[in-house]
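Trainee: just the structure for this:
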Amino acid sequence: MTPDRLLSGNEPLDRVLGGGLPGKAISLIVGLPGSGKTIVAQQYVFRNGTPEYPAVYFSTVSEPLEKLLRFGQTLDFFDSNQIGTSVFYEDLGETLNREGLDGVQGRVAEVLKDRRPGLIVIDSFKALNVFAADSSEFRRFLHSFAGRLSASQAASLWVGEYEESDIATGPEFAVADAIVALGSIRSGEREMRRLQVLKLRGSDFLSGRHAYRLSESGLNLFPRLADVPLPGPYDLEETRVSSGIAALDHMLAEGYWPGASTLIAGPSGSGKTLMGLHFIFNGARLGEPGIVATLQENPIQLQRIVDGFGWSLNEPGVEVMYRSPVDIYIDEWVYDLLDLAERTGTKRILLDSLADLRMTTMDEIRFREFLYSLMQRCSRAGISLMMTMEIPDLFGVQQLSEFGISHLSDNVVLLNYFIERGSIKRAMSVTKTRASRHEPEIREFTIGRAGITLGDVAPFGKRESPGIPHEPD
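Mentor: Numbering: from 1, shown residues only. Coordinates of the predicted model:
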């Protein structure tokens with residue numbers, strides 16, 4: 001008997017589909033050539049076919065059966081032992097060319113009777129349309145064919161090279177119980193694959209566009225990270241802890257809450273990454289494992305930096321997750337990060353940097369939504385998050401909330417430069433702490449072998465606005 005849900009073999013995809021595609025129903029998998037429709041269909045075939053209720057894969061006239069099988073054998077889930085027992089392939093092309101749509105009806109009826117399949121795939125279903133004399137004939141065929149499949153209790157996957165405009169006019173989309181669209185989004189030279197559930201009768205599903213990649217293991221989905229506020233409280237430690245940066249602890253006055261998020265904003269070379277490394281390494285020595293999630297320095301470059309302060313990337317409690325921002329999906333990246341955090345019992349994460357992470361998205365609203373969700377996940381898990389963000393202003397800050405995230409952060413620390421007696425010096429200020437007091441001064445700081453050391457209050461003119469340095473007369 002066909003199960004109530006068809007599983008894909010990819011747990012994230014099944015989760016997006018609210019538990020899987022509906023069984024005993026008609027589902028459409030649509031997308032342009034190269035989007036991965038055939039790969040997904042074959043994942044379902046090998047996952048759901050059994051000797052009692054086999055899966056039958058019908059090819060039509062879009063792709064030769066021999067080519068489909070040859071490519072299928074390169075995929076990890078393709079099991080030759082299932083062929084002829086729980087998975088059957090059949091070419092409908094000759095039947096179509098010789099007998100038209102009536103021949104398809106007859107041949108499928110024979111297979112339903114002889115094999116009693118639990119799953120039928122037709123690839124490509126769209127190709128059948130051209131064998132109808134007109135739209136009326138195709139609608140009659142569609143009505144009869146869908147009725148026959150529904151009476152058989154078999155689940156059906158119809159695969160087709162449909163475009164978005166086809167969905168509004170094609171009669172098969174009205175018949176389908178589920179519609180899954182595969183495609184891609186292009187921005188400049190970047191292209192990202194996206195999956196979207198357009199229809200799923202009688203079931204809830206995760207809305208929006210979800211990133212995916214294709215590989216030998218099939219389609220790997222990364223559900224869109226979009227957390228909603230959860231009802232009720234969750235437990236967090238009530239004791240303030242050290243950030244691991246003495247200068248920052250002083251400016252925060254009382255340390256920081258576990259699970260808090262801190263934004264470090266400043267121009268290039270002002271010490272943002274160094275502050276983050278202090279946060280991670282000193283935290284690890286306090287028994288709080290941490291992750292350096294960097295899109296800037298690779299591990300070799302990073303080791304050169306930490307060597308100067310007596311640290312090592314091999315220290316216990318320190319993990320490095322380096323990804324190049326050139327070819328990265330933001331949702332794939334965040335699931336890698338959250339999985340690593342869970343495996344290692346992480347309590348601190350350094351995200352270096354937000355500007356590089358922003359490059360991986362094509363939508364500013366999506367980026368803000370993503371950051372909100374990441375902060376919520378970290379807060380609920382008691383993970384303290386520190387993020388660096390580069391700003392263009394060297395000697396003052398005209399705008400901090402470029403990505404609309406400063407209001408989401410619990411703490412905001414601003415680094416910049418000022419000029420005193422012909423020398424460029426660094427200054428630090430804490431502009432925000434949530435549920436806490438902080439020191440309001442703009443303090444000079446230095447970077448040496450011992451790390452970051454606070455100096456005197458920076459000598460800015462009293463009439464100048466905070467953060468706009470002034471060289472004394």
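
Trainee: ok, which stretches of the stretch 301-450 of the chain are helices?
Mentor: For the stretch 301-450 of the chain, applying DSSP state H, counting those that start in this stretch gives helices covering 330-344, 354-358, 364-380.

Trainee: tell me which of these is the most buried.
Mentor: Between these, the one whose residues have the most neighbours on average, counting mean count of other CB atoms under 10 Å, is helix 354-358 (a mean of 20). Where you see a C-beta, it was placed from the backbone N, CA and C, and this is true even at glycine.

Trainee: ok, back up a step: make CSV from the helices of the stretch 301-450 of the chain and add distance to residue 212 and mean pLDDT to it.
Mentor: Listed next are those as CSV, based on distance: least, CB to CB, whole Å; pLDDT from 0 to 100:
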stretch, distance to residue 212, mean pLDDT
helix 330-344, 9, 95
helix 354-358, 19, 87
helix 364-380, 16, 88
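
Trainee: nearest to residue 424, of the ones you listed?
Mentor: In terms of CB to CB, the element of these nearest to residue 424 is helix 354-358, at 22.2 Å.

Trainee: tell me how far the spatially most central residue of the chain lies from residue 92.
Mentor: Closest to where the C-alpha atoms of the chain average out (CA atoms, centre = their mean) is residue 331, at 1.3 Å. Using CB to CB, to the nearest Å, residue 331 is found at 38 Å from residue 92.

Trainee: same question, residue 208
Mentor: 35 Å.

Trainee: who has more neighbours out of the two?
Mentor: Remark: of residue 208 and residue 92, residue 92 carries more neighbours, 21 against 15, as counted by other CB atoms under 10 Å.

Trainee: low-confidence stretches in the stretch 1-150 of the chain?
Mentor: Within the stretch 1-150 of the chain, the set of residues satisfying pLDDT under 70 comprises 1-2.

Trainee: now the strands for it?
Mentor: Counting by DSSP state E, counting those that start in this stretch, the stretch 1-150 of the chain has strands at residues 5-6, 21-22, 26-31, 55-59, 87-91, 119-123.

Trainee: do you know which of those lies nearest residue 276?
Mentor: strand 26-31 (40.7 Å).

Trainee: what residues of stretch 41-58 count as buried?
Mentor: Residues of stretch 41-58 classed as buried under the neighbour-count rule (16 or more other CB atoms under 10 Å) are 41-49, 53-58.

Trainee: same thing with stretch 198-209?
Mentor: Buried residues in stretch 198-209, defined by neighbour count with 16+ other CB under 10 Å: 198, 199, 200, 203, 205, 209.

Trainee: ok, now which ones touch the closest residue in space to residue 125 that isn't next to it in sequence?
Mentor: In space, residue 125 comes closest to residue 158 once its chain neighbours are excluded; the distance is 3.8 Å by CB to CB, 6 or more residues apart in numbering. Residues in contact with residue 158 (CB atoms under 8 Å, 6 or more residues apart in numbering) are 26, 27, 28, 29, 121, 122, 125, 172, 176.

Trainee: looking at this, residue 158 is in a helix?
Mentor: No: when DSSP: H, G, I helix; E, B strand; the rest coil is applied, residue 158 is found to be strand, with no helix at that position.

Trainee: can you pull up the bridge partners for it?
Mentor: In this structure, residue 158 has beta-bridge partners residue 28, residue 122, where bridges are defined by DSSP bridges.

Trainee: can you report how many residues neighbour residue 79?
Mentor: Other residues within reach of residue 79 by the criterion other CB under 10 Å amount to 13.

Trainee: residue contacts, the residue nearest to it when sequence neighbours are not counted?
Mentor: What sits nearest to residue 79 in space, not counting adjacent residues and going by CB to CB, 6+ apart, is residue 46, at 5.9 Å. Residue 46 makes contacts with 9, 55, 77, 78, 79, 82, 87, as judged by CB under 8 Å, 6+ apart.

Trainee: same thing but 10 Å
Mentor: Each residue near residue 46 by CB atoms under 10 Å, 6 or more residues apart in numbering is listed here: 9, 55, 57, 72, 75-79, 82-83, 86-87, 218.

Trainee: surely residue 89 meets residue 70?
Mentor: No: proximity of residue 89 to residue 70 does not meet the contact threshold set by CB atoms under 10 Å, at 11.5 Å.

Trainee: those two: which has the busier surroundings?
Mentor: Regarding residue 89 and residue 70, a neighbour count based on other CB under 10 Å identifies residue 89 as having more, with 19 against 10.

Trainee: that one and residue 356: what is the separation?
Mentor: If you measure residue 89 against residue 356 using CB to CB, the figure is 46 Å.

Trainee: contacts for whichever helix in the chain runs longest?
Mentor: As assigned by DSSP state H, the longest helix anywhere in the chain is helix 93-115. Around helix 93-115, the neighbours that count as contacts under CB under 10 Å, 6+ apart are 53-56, 58-65, 88, 90, 92, 117, 120, 122, 127-133, 137-138, 140-142, 144-145, 148-149, 151-154, 156.

Trainee: and the buried ones among these, selectable in PyMOL?
Mentor: A single PyMOL command is used to select the members of the contacts of helix 93-115 judged buried by 16+ other CB under 10 Å:
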select buried, resi 53+54+55+56+58+59+60+61+62+63+65+88+92+117+120+122+127+128+129+131+132+138+141+142+145+149+152+154+156
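
Trainee: just checking, which of the contacts of helix 93-115 belong to helices?
Mentor: Checking those against DSSP H, those in helices are 65, 137, 138, 140, 141, 142, 144, 145, 148, 149, 151, 152.

Trainee: save the residues you listed as CSV, and put in distance to residue 348 too.
Mentor: Written out in CSV, the entries for the ones in helices among the contacts of helix 93-115 read as follows (distance: CB to CB, whole Å):
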residue, distance to residue 348
65, 55
137, 66
138, 61
140, 65
141, 62
142, 58
144, 63
145, 58
148, 60
149, 55
151, 59
152, 57
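
Trainee: quick one: which of those residues is nearest residue 376?
Mentor: residue 149 (43.4 Å).

Trainee: which ones are touching that closest one?
Mentor: Listed by CB under 10 Å, 6+ apart, the contact partners of residue 149 are 24, 25, 26, 108, 109, 112, 120, 122, 155, 156, 158, 175.

Trainee: quick revisit: what subset of the contacts of residue 46 is buried?
Mentor: With burial judged by 16+ other CB under 10 Å, the buried subset of the contacts of residue 46 is 9, 55, 57, 72, 75, 77, 78, 82, 83, 86, 87, 218.
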